[in-house]
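Visitor: Predicted model and sequence follow; I will ask about them next.
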Amino acid sequence: MTDFGGALKNLSEVKKYKLAIVGVPFDEKSSFRRGAAAGPEAIRRVSTGKCYNPDTELGVDLSEETVLVDLGDVDTSGDMLKTFAGIEDKVGRVVADGAVPIILGGDHSITYPAVKAVAGKFKSLDLLHLDAHPDMYQDLYGDRLSHACPMARILEDGLVKNLVQVGIRATTPEMEAMARKYRVRTITAREYPEKPRLEFKNPLYISLDLDVFDPAYAPGVSHHEPGGLTSRQVLDLIQNLKARIVAFDLVELNPSRDVSEITASLAFKLIKEIAGKIVRP
Ligand code: MN
Ligand code: MN
């Protein structure tokens with residue numbers, strides 16, 4: 001475990017924390033390649049202050065202007081339902097403490113219990129979902145909790161008021177129909193604006209699947225989907241976001257597919273920049 005660019009505080013030495021890392025080393029709901037369970041460890045390892053500083057591009061010093069702690073991993077040693085309950089519990093405790101959870105996946109199935117926990121506190125919650133895929137299959141190979149399904153479950157349960165999906169480039173007519181039914185706003189990779197400006201009225205949950213990026217920028221994911229976004233495009237979107245971010249997950253890092261920790265480093269950079277936007281919206 002390292003120190004997130006020197007920004008990390010020791011939990012035993014702080015009275016109150018504002019941002020909390022929660023790892024979820026879980027990939028049992030991956031439909032193709034496994035490996036995302038090693039994601040949290042890879043991000044922690046790459047984030048050392050020996051390589052990175054705690055300052056964001058917009059000038060927020062995360063070691064001075066906030067209190068970031070690492071609450072460790074959710075216990076994923078039991079069956080899947082126990083893991084999902086563990087996610088809900090741990091994320092729920094962070095929001096109950098008035099802090100913002102930064103959840104490190106794991107495959108994308110973990111977003112459903114995490115959003116459930118956050119929606120338990122924020123009755124009107126918006127969701128910004130960055131992904132190559134809409135993840136709105138009714139089921140995948142009969143599994144309704146697959147990493148290809150979390151957004152379908154979240155919409156059906158009415159957990160969010162507004163869902164905005166960005167970077168989509170691998171959908172199906174069924175998922176397009178579901179997007180229309182639930183009034184999902186979709187910004188495909190093809191339609192990605194030159195100057196992305198997104199504004200959310202309700203508290204915002206951000207769910208970022210690393211395959212939203214072109215594989216050239218993020219090779220360490222299980223499903224390579226060419227034609228994706230650049231690092232700069234997503235950073236621009238985050239830095240120009242007008243929203244109160246109350247939770248954030250970053251999923252689908254598969255270190256066994258990564259090259260020179262390119263994707264893990266990008267994941268860490270995204271955590272820094274989103275944390276900076278939480279500190280100074
Ligand atoms: Mn996904
Ligand atoms: Mn995806």
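Guide: That came through fine. Every value quoted in this text rests on a predicted model; they were computed, and no experiment measured them. Ligands and ions are numbered 1, 2, ... in the order given.
Visitor: Could you list the residues of the stretch 101-250 of the chain in contact with ligand 2?
Guide: Contact residues, the stretch 101-250 of the chain versus ligand 2 (CB under 5 Å from the ion): 131, 132, 133, 209, 211. No exception for glycine: its C-beta is placed from N, CA and C like everyone else's.
Visitor: contacting residues for the last one?
Guide: With contact taken as CB atoms under 8 Å, 6 or more residues apart in numbering, residue 211 is in contact with 131, 132, 133, 218, 221, 222, 223, 224, 225, 228, 252.
Visitor: before we move on, what SS does the nearest residue to residue 72 once chain neighbours are set aside have?
Guide: Spatial nearest neighbour of residue 72, excluding adjacent residues (CB to CB, 6 or more residues apart in numbering): residue 23 at 6.6 Å. The three-state label given to residue 23 by DSSP: H, G, I helix; E, B strand; the rest coil is strand.
Visitor: I'd assumed residue 104 was in contact with residue 23.
Guide: Yes - using CB atoms under 8 Å, residue 23 is in contact with residue 104, at 4.8 Å.
Visitor: Let me know the closest of the residues of the stretch 101-250 of the chain next to ligand 2 to residue 55.
Guide: Using CB to CB, residue 209 comes nearest to residue 55 of those, at 26.6 Å.
Visitor: And for the closest residue to residue 122 other than its chain neighbours, the neighbour number?
Guide: The shortest distance from residue 122 to any non-neighbouring residue, by CB to CB, 6+ apart, is to residue 203 (4.4 Å). Neighbourhood size, residue 203 [other CB atoms under 10 Å]: 20.
Visitor: residue contacts, residue 203?
Guide: 122, 124, 125, 126, 244, 245, 246.
Visitor: go again using 7 Å as the cut-off
Guide: 122, 125, 244, 246 (CB atoms under 7 Å, 6 or more residues apart in numbering).
Visitor: any idea how far the second one is from residue 220?
Guide: Counting by CB to CB, to the nearest Å, the gap from residue 125 to residue 220 is 29 Å.
Visitor: what secondary structure does residue 132 sit in?
Guide: Taking three-state DSSP, the label given to residue 132 is coil.
Visitor: For residue 23 and residue 104, list the residues in contact with both.
Guide: Contacts common to residue 23 and residue 104, judged by CB under 7 Å, 6+ apart, are residue 40.
Visitor: For the residue in the stretch 151-281 of the chain positioned nearest to ligand 1, grab phi and psi.
Guide: Among the residues of the stretch 151-281 of the chain, residue 209 lies closest to ligand 1, at 3.5 Å counting by CB to the ion. Note on residue 209: backbone dihedrals following degrees, to the nearest 10 are phi -90, psi 120.
Visitor: And the pLDDT at it?
Guide: Per-residue confidence (pLDDT) for residue 209: 98.
Visitor: just residue 242 next, same as before
Guide: Reported pLDDT for residue 242: 98.
Visitor: ok, it touching residue 199?
Guide: Yes - with contact defined as CB atoms under 7 Å, residue 242 reaches residue 199; the gap is 4.1 Å.
Visitor: for the closest residue to residue 250 other than its chain neighbours, helix, strand, or coil?
Guide: Nearest residue to residue 250, sequence neighbours excluded (CB to CB, 6+ apart): residue 208, at 5.0 Å. Recorded secondary structure, residue 208: strand (three-state DSSP).
Visitor: ok, what's across the strand from residue 208?
Guide: Note on residue 208: beta-bridge partners residue 130, residue 250, judged by DSSP bridges.
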